[in-house]
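# coords please:
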Amino acid sequence: MKKFGISVLFFITFIIIYLLQANIFPSLKIAGVMPNLFVILILWIGLFASTFEAVIFGIIMGLILDLIYGRVIGITAIMLCVIGYLGAYFDKNFSKESKFKIVLMVIGATIIYEVGYYALNGLILGYDFEWLRFMKILIYEVIYNVLITILLYPIIQNLGYKVDRAFKRNNILTRYF
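Numbering: from 1, shown residues only. Next comes the predicted model:
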């Protein structure tokens, strides 16, 4: 039951982030670029919840975003699914104790998401790749995501460890008890 409640909170967080992205961040653009809080959220779910939760939420939230914003259904879902899996991979192979490591994870996740999203859109829709423009957008988005991660780091850590305990606690009981 506790996991279900946390999953509901993930979805509520998604709605709050959507409202921020749609209503507040357009007025806070830096060089025409907004942060992508969805990447941070799905990475966070992968780091602190479970691979299954991160992949499922990545697909569901990606499909919702594709239905609202996308010209092609499924690209955002694929890329957020990849980010969820990447978060779970980072969880298994790297420590979450350091702010610096979390920032590096956000940088990597943002780059992978944007490159994959841009490449898939380019292949499916058949537009010419404008690498210089893309690199400018990518750099600004990485900087923006890093700044937000640094500002939200205490919340990310505190809530993250509570979610971690709920999803990954060791429930092994021996047959002798």
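# Could you give me the buried positions within the longest helix belonging to the chain?
Taking DSSP state H as the criterion, the chain has its longest helix at helix 131-168. For helix 131-168, burial by neighbour count (16 or more other Cβ atoms under 10 Å) applies to 137-138, 140-146, 148-149, 156, 159-160, 163-164, 167. C-beta here means a position set from N, CA and C on the backbone, and glycine is covered the same way.
# What segments of this structure are helices?
With DSSP H as the criterion, the chain has helices spanning 2-19, 37-48, 51-68, 75-93, 99-125, 131-168.
# Need the residues that contact the shortest one.
Same thing as helix 37-48. If you take Cβ atoms under 8 Å, 6 or more residues apart in numbering as the criterion, helix 37-48 is touched by 10, 13-14, 17, 20-21, 53-54, 57-58, 61, 65, 80, 83-91, 96, 105-106, 109-110, 113, 145, 148-149, 152, 156, 159-161, 163-164, 167.
# Drop anything exposed from those residues.
Buried among the contacts of helix 37-48 by 16+ other Cβ under 10 Å: 10, 13-14, 17, 21, 53-54, 57-58, 61, 65, 80, 83-88, 90-91, 96, 105-106, 109-110, 113, 145, 148-149, 156, 159-160, 163-164, 167.
# Any stretches of this structure with poor pLDDT?
1, 169-177 (pLDDT under 70).
# again, only this time at 80
For the chain, applying pLDDT under 80 flags the ranges 1, 168-177.
# where's the nearest residue to residue 109 once chain neighbours are set aside relative to residue 110, distance?
Using Cβ to Cβ, 6 or more residues apart in numbering and skipping the chain neighbours, the partner closest in space to residue 109 is residue 43 (4.6 Å). Counting by Cβ to Cβ, to the nearest Å, the gap from residue 43 to residue 110 is 9 Å.
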